[in-house]
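Visitor: Sequence plus predicted model, see below.
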Amino acid sequence: MQDYLAQFIDKIEQTPNHEDRLIKILEVYLEAFPSVLDAYLFRYSPLGHLTEGILAIGPEKGLFHIRDIRDDVRTVPLTHNAIRQRQAAIISKEDFIKYNPRYSFSSHTAFLTVIPICFSSNVVGILHSTRFSESSSEIEKLLPIFQTFGRLAGHVFESSAYEIQADSKLANREIEVMQKLAWGESTKTIARNLNISEYTVKDYIKTSILKLGSANRTQAVADLIRRGIIS
């Protein structure tokens, strides 16, 4: 099955543009799993447990942006558990709304799936689906395969993380440090992984905040995620 999914991942990697690769993740996901009828792609940062919408695709609207959706996943414990455990999960519509009543779903939705997109030990994104052509018991059988897809798709996020947008003011090393910060790594861990001092890491963070005109590191990370410079 992993070889089967790897063929779909190859289609994503062959797409040269960063945003087009994100679109391709959705298209390939729906192609690989015909019983899934829609898909919502989110970035995730352990810094603040923030999810931020990127793109979605559905049977009526086609492809559309969901950048106005931002949330702290701790408000939806079942989603948060899936992220912490790095496991795909099914959530009933009632349970989802129970913890986050500001969301509403159409009559087509009886349950949702959440698929963590992982790179190494980090969750860097989430795939949500709300409409299916099969029952929840049939979709539940697919959860291990969904999970594998999330792991394989993770390196697509990682490979795109250091692509500098034309308007980015940050150097490559600053982006690398801010990406690791977004993944929840401490300054000590970043220093060890990059073989530099903690002082240097803090200096990269400070200069990044200044260049972006942000108030603090959390705002700087959120801005970089929003602009697609890190994931």
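Guide: Perfect, thanks for sending it.
Visitor: What is the distance between the helix or strand hosting Glu94 and the centre of its chain?
Guide: Per DSSP states H and E: Glu94 is located in helix 93-99. Using C-alpha atoms, centre = their mean, to the nearest Å, the mean C-alpha position of helix 93-99 is found 21 Å from that of the whole chain.
Visitor: So which residues make contact with it?
Guide: With C-beta atoms under 8 Å, 6 or more residues apart in numbering as the test, helix 93-99 has contacts from Thr75, Val76, Pro77, Leu78, Thr79, Tyr103, Ser104, Phe105, Thr109, Ala110, Phe111, Leu112. Yep, even glycine has a C-beta here, placed from its N, CA and C like the rest.
Visitor: ok, now stretch 196-208?
Guide: Here stretch 196-208 makes contact (C-beta under 8 Å, 6+ apart) with 170, 173-174, 177-178, 181, 187-188, 190-191, 194, 217, 220.
Visitor: Burial check on Leu78, number of neighbours?
Guide: By the measure other C-beta atoms under 10 Å, the count of residues near Leu78 is 17.
Visitor: Can you tell me the closest non-neighbouring residue to it?
Guide: The shortest distance from Leu78 to any non-neighbouring residue, by C-beta to C-beta, 6 or more residues apart in numbering, is to Ile91 (4.7 Å).
Visitor: so where's the chain shaky on pLDDT?
Guide: 1-2, 4, 157-168 (pLDDT under 70).
Visitor: so what's Val123 closest to, chain neighbours aside?
Guide: Distances taken as C-beta to C-beta, 6+ apart place Pro116 nearest to Val123, at 4.6 Å, with adjacent residues excluded.
Visitor: Okay, and the beta partners of that neighbour?
Guide: Pro116 forms beta bridges with Ile126, as assigned by DSSP bridges.
Visitor: quick one on the thing from earlier: between all of the contacts of stretch 196-208, which two are separated the most?
Guide: Largest separation among the contacts of stretch 196-208 by C-beta to C-beta: Leu170 and Lys188, giving 21.8 Å.
Visitor: more neighbours, these two?
Guide: Between Leu170 and Lys188, counting by other C-beta under 10 Å, Leu170 is the more crowded of the two (21 against 10).
Visitor: State the distance from the more buried one to Arg192.
Guide: Applying C-beta to C-beta, to the nearest Å, the value for Leu170 to Arg192 is 22 Å.
Visitor: Residues touching the longest helix anywhere in the chain, excluding its own?
Guide: Using DSSP state H, we find that the single longest helix of the chain is helix 143-161. Outside helix 143-161, the residues that touch it by C-beta under 8 Å, 6+ apart are 1-2, 5-6, 8-9, 12-13, 18, 21-22, 25, 29, 32-33, 86-90, 113, 115-120, 124-125, 127, 175, 179, 230-231.
Visitor: where do the helices sit along the chain?
Guide: Going by DSSP H, the chain shows helices at 2-13, 18-32, 77-85, 93-99, 136-140, 143-161, 172-182, 187-194, 198-212, 217-226.
Visitor: Mind listing what's buried along the second one?
Guide: Yep, that's helix 18-32 we're talking about. Within helix 18-32, the residues that qualify as buried are His18, Arg21, Leu22, Ile23, Lys24, Ile25, Leu26, Glu27, Val28, Tyr29, Leu30, Ala32, counting by 16 or more other C-beta atoms under 10 Å.
Visitor: ok, so of the residues you listed, who is nearest Leu224?
Guide: Relative to Leu224, and with distances defined as C-beta to C-beta, the nearest of those is His18, at 13.2 Å.
Visitor: Of the contacts of stretch 196-208, grab the buried ones for PyMOL.
Guide: Buried subset of the contacts of stretch 196-208, written as a PyMOL selection, criterion 16+ other C-beta under 10 Å:
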select buried, resi 170+174+177+178+181+187+190+191+194+217+220
